[in-house]
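*Asks:* What follows is a predicted protein model with its sequence.
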Amino acid sequence: MYDVVIIGAGASGCATARELSRFSLSVCVIDKESDVCEGTSKANSAIVHAGFDCVPGTLKAKLNVRGSELMPGLSKQLDFAFKNNGALVLCFDKEQIPGLEELAERGRQNGVKDVRVISGDEARQLEPALTDEVEAALYAPTSGIVCPFEMTLAFAENAYENGVEFRLSTCVTCIDKTDAGYTVHTDKGDVETKTVVNAAGVYADKLHAMVSSEPMNIIPRRGEYMLLDREAGGLVSHTVFQQPTKMGKGILVTPTVHGNLLLGPTAEDIEDKENTATTRAGTAEVRAKAQLSVKGIPFGKVITGFTGLRAVGDTHDFIIGECADAKGFIDVAGIESPGLSSAPAIAEYVRDILAGIITLEEKPDFKAERKGITKMAALSDEDKNKMIALDPAYGQIVCRCESITEGEIKEAIDRPLGATTLDGVKRRTRAGMGRCQAGFCSPRTMALIAEKLGIGIGEVRKNGCYESEVEDNA
Amino acid sequence: MREFELAIIGGGPAGMAAAVAAREAGIEDIVIFERDTQLGGILNQCIHNGFGLHTFKEELTGPEYAERYIEQVLALGIPYELGTMVLGISKDKEISIISRTRGAETVKAKAIVLAMGCRERPRGALGIAGFRPQGVYTAGTAQKLVNCEGVIPGKEVVILGSGDIGLIMARRMTLEGAKVRAVVELMPYSSGLKRNIVQCLDDYGIPLMLSHTVVDIKGKQKLEGVVVAAVDEKNNPIEGTEEYFPCDTLLLSCGLIPENELSKSAGVELSPLTNGPSVDESLETNIEGVYACGNVLHVHDLVDFVSEEAVRAGKNAAEYIKGKPAAPGTPVNVKPANGVRYTVPSKLYIESVEESVHIRFRVTGVFKGSAIVVKSAGRELFRKRGRIFVPSEMQDIIIKKQALEGITDDITVEIEEGSV
């Protein structure tokens, strides 16, 4: 019997798991995918929003601002990449400037620091690549960028180290109410728990409906992106938004923490919760709209395109709380933007809800720190040589585009909750994330995974669950 | 800090030929840095035949062709360091390297030959819509898996792009028991050599669909199929022509990109036309003592031309080391004109040309019964007629020194259409 079962190993689920791992609780995270961070958390803008565009008084506003405050400290404690690069929200029409002022005022009400409206020329001084059409901009210096994979993995790994169990490649099929709490039925057997945290992203409504008769509808809102070579990453230093609409924050142009340039997302409500395909129309829209903000985008340097699904609830706010008709079942639903930014605050919020249901007693041996995978490229020659002396694999470059060594890939595979797929290695180390998109390194990475898993190179998967795991269920 | 007279970045066909030529020109202190665990570069995975017809007058496989040069490197005792990745080159020719055996280190060289080769254009850069499942590989990656790792990526294959590696892999996958459903090419002509179309597609009854492209990739985790459509003259898909091909493997052979991130770190100027360094007739870049050859300079169709070019780079680097003064005068630009995509070199120091100069380029389309014409200020310096010029074949013309005398204006290379 677990105290808490968290369904969904995305940013919200893993942040919550990490927060709960401070206490003497038995916690289990269940996810249908073979890795953490496989849904919405892996395909988004990777922005830590300042929090100016949330409607004051909403959960989004409160949790965004709190999450963004927590982020710099967490990035050090848990060793994930975060950068406070500031953001600009562009306005192309003088008549829309009052809208920017309104946004700035909202920001102030939400407690966002130093947010102000600047002229088009001031904006171009901050960001010379902005187009001449920019009339004014909202400047939000507290906005930041983060590596969403690293962040989610950091939460998960730290939670794991503090005793949280992870059941991956495990799909919840139904949930029954019991006297003690819930039986969570999965394709790998039943799990008994006192409470459930439903952090299932675009599937949160399906999970919710397993226990509650209150209506909930989560719409997958498709967002397409283009990622450019690191050579293009210096085009802008701030995150450049356009004035928001009811469909979201519009098409942004931003550097990533690793120095790439990211463009997107589109916003299109769809029905299929698995449809992460890119489209010709979406790519064309990203191209056209990004160019309104920034000139000279080198589209020849696009290295990949991807699509994420935002989990949009029907309340225009995050839906976080215990179900009225299902005690001990806590929804963490509708976590669209600013969900990534809010993740650490969502975790605290869920903790406080759980504190009213079960006893939270702090563990004396909680380890708050987590050390990430070695980043050889960032080390001095002297430090590189120390690593190579420990293990010569740190002297063997496997991914030439990102200068990732065999030692780093082995770490990614060997560590707790280690990578079992090419995409898993890529998200942990950046091997295969560069300009050749794994063309050169994948055979070697496949060999390293195969060796670890004791399978043939040809059986190594790019993504998804291994069939042997499915057979285990039978 | 270790210092070398000549450092060669890359131990493939270009790097080895440059090293051999430099040693034969009297340079003792040479090092080849090779990232792989053996010399030979990409030739090691090219186990098909057809290499060496120009150089050795016989048909060799890739590894055999590489072996000929490895033997020379060994016979001449040229030092090489394997498993050694060059991470950066500074403007004053300091080279940072990393390897299992020597660790991270910075070395210095008097002259450098860039011979890093090229990479394949990945799916993301092509902007193909659809999912990103397992089963989509560049043709070269698949070639490595099949020929070096003994892994067959799939059983039912569609190939996008008719570059030579794609064509070779169509045959290779067929020989390994896979069904290659089609080779799909965006352009109205193939970007591969005629002989490869005949020997790799026609002989196996594999259809080549010209003016077609892949417009959608199906299958979220594992590839299930691709949608192919015809394209109009602007390369936009034509609605209503879509055809679904079930497949578990999509191979991409859609162009090669010279790999010049290191060159850029050294401050080497690149040509936007080739993505390789801008060089003069000696294959020297804008950085004194830094030379480039092979696929890092421009993408070749035949390795024989790589070797020949690398010999010139090696010899010229040797001359530089031995103290040959910098080329006198100001260079004359060599520019592509009608029907010509780029030229290598892109500038000429006329006085430095010894007996003759090679100009290499590719044409922009298929030209039948036309002529290659080289001019400067209205004066015709060179003319060569041809039955057909195609983009898949690199053109190599040699202009005699006397034809260049007195030239001070830009030189243009163009195709004079229908002039035969």
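*Replies:* Thanks, I have it.
*Asks:* hey, what's the spatially closest residue to B:Ala170 that is not a sequence neighbour bridged with?
*Replies:* Across the structure, with Cβ to Cβ, 6 or more residues apart in numbering or on different chains as the measure, the residue nearest B:Ala170 apart from its sequence neighbours is B:Val180 (4.8 Å). Bear in mind the C-beta positions are built from the backbone N, C-alpha and C, glycine included. Each beta-bridge partner of B:Val180 is listed here, defined by DSSP bridges: B:Val157.
*Asks:* Pretty sure B:Val180 sits against B:Ile206.
*Replies:* Yes: between B:Val180 and B:Ile206 a contact is recorded at 4.9 Å, counting by Cβ atoms under 8 Å.
*Asks:* Identify the contacts common to the two.
*Replies:* Taking Cβ atoms under 8 Å, 6 or more residues apart in numbering or on different chains as the contact criterion, the residues that touch both B:Val180 and B:Ile206 are B:170, B:174.
*Asks:* Among those two, which residue is more densely surrounded?
*Replies:* Set side by side, B:Val180 and B:Ile206 give different neighbour counts by other Cβ atoms under 10 Å in any protein chain shown, the larger being at B:Val180 (24 against 21).
*Asks:* mind listing what the residue nearest to B:Ala170 touches?
*Replies:* Contacts of B:Val180 were listed using Cβ under 8 Å, 6+ apart, and they are B:157-159, B:170, B:173-174, B:204, B:206.
*Asks:* Among the residues you listed, which one has the most neighbours?
*Replies:* By neighbour count, taken as other Cβ under 10 Å, the most surrounded of the contacts of B:Val180 turns out to be B:Ile159 (31 neighbours).
*Asks:* so that one, which of the three states?
*Replies:* Using DSSP: H, G, I helix; E, B strand; the rest coil, the structure places B:Ile159 in strand.
*Asks:* Could you check how far it is from chain A?
*Replies:* Separation of B:Ile159 from chain A (Cβ to the nearest Cβ, to the nearest Å) stands at 15 Å.
*Asks:* any idea of the pLDDT on that residue?
*Replies:* The predicted local distance difference test score for B:Ile159 is 98.
*Asks:* gap between the nearest residue to A:Pro141 once chain neighbours are set aside and chain B?
*Replies:* Leaving aside its sequence neighbours, A:Pro141 sits nearest to A:Gly86 (Cβ to Cβ, 6+ apart; 4.5 Å). Applying Cβ to the nearest Cβ, the value for A:Gly86 to chain B is 28 Å.
*Asks:* correct me, but A:Gly86 touches A:Ile145?
*Replies:* No: taking Cβ under 8 Å as the contact criterion, A:Gly86 and A:Ile145 are not neighbours in contact, 9.8 Å apart.
*Asks:* residues contacting the residue of chain A found nearest chain B?
*Replies:* As assessed by Cβ to the nearest Cβ, chain B sits closest to A:Thr304 within chain A, at 2.9 Å. Applying Cβ under 8 Å, 6+ apart, we find A:Thr304 in contact with A:226-227, A:437, B:122-125, B:132.
*Asks:* Show the average pLDDT along the strand or helix carrying it.
*Replies:* Under DSSP states H and E, the secondary-structure element containing A:Thr304 is strand A:302-312. Averaged across strand A:302-312, the pLDDT comes to 97.
*Asks:* And the next helix or strand past it?
*Replies:* Using DSSP H and E, the next helix or strand after strand A:302-312 towards the C-terminus is strand A:319-323.
*Asks:* List the buried residues for that next one?
*Replies:* Within strand A:319-323, the residues that count as buried by 16 or more other Cβ atoms under 10 Å in any protein chain shown are A:319-320, A:322-323.
*Asks:* nearest residue to B:Leu302 other than its sequence neighbours?
*Replies:* Here the nearest residue to B:Leu302 in space, its sequence neighbours aside, is B:His54; by Cβ to Cβ, 6+ apart that works out to 6.8 Å.
*Asks:* scratch that, A:Ala389
*Replies:* Counting by Cβ to Cβ, 6+ apart, A:Ala389 lies nearest to B:Gly103, which is 7.3 Å off, once chain neighbours are set aside.
*Asks:* How much space separates that neighbour from A:Gln396?
*Replies:* 11 Å (Cβ to Cβ, to the nearest Å).
*Asks:* where does chain B dip in pLDDT?
*Replies:* B:419-420 (pLDDT under 70).
*Asks:* Next up, the contacts around the closest residue to chain A within it.
*Replies:* When distances are taken as Cβ to the nearest Cβ, chain B reaches nearest to chain A at B:Gly124, 2.9 Å away. Contact analysis of B:Gly124 by Cβ under 8 Å, 6+ apart lists A:227, A:302-305, A:437.
*Asks:* B:Arg119 too?
*Replies:* Taking Cβ under 8 Å, 6+ apart as the definition, contacts of B:Arg119 comprise A:435-436, A:439-440, B:256-257, B:259.
*Asks:* and of these, the nearest to A:Gln77?
*Replies:* The shortest separation between A:Gln77 and any of those is 32.2 Å, and it belongs to A:Arg435 (by Cβ to Cβ).
*Asks:* Distance of B:Ile372 relative to B:Glu393?
*Replies:* Shown here: B:Ile372 relative to B:Glu393, a distance of 12 Å by Cβ to Cβ.
*Asks:* which phi and psi does A:Gly233 have?
*Replies:* The phi and psi values for A:Gly233, taken as degrees, to the nearest 10, are phi -60, psi -20.
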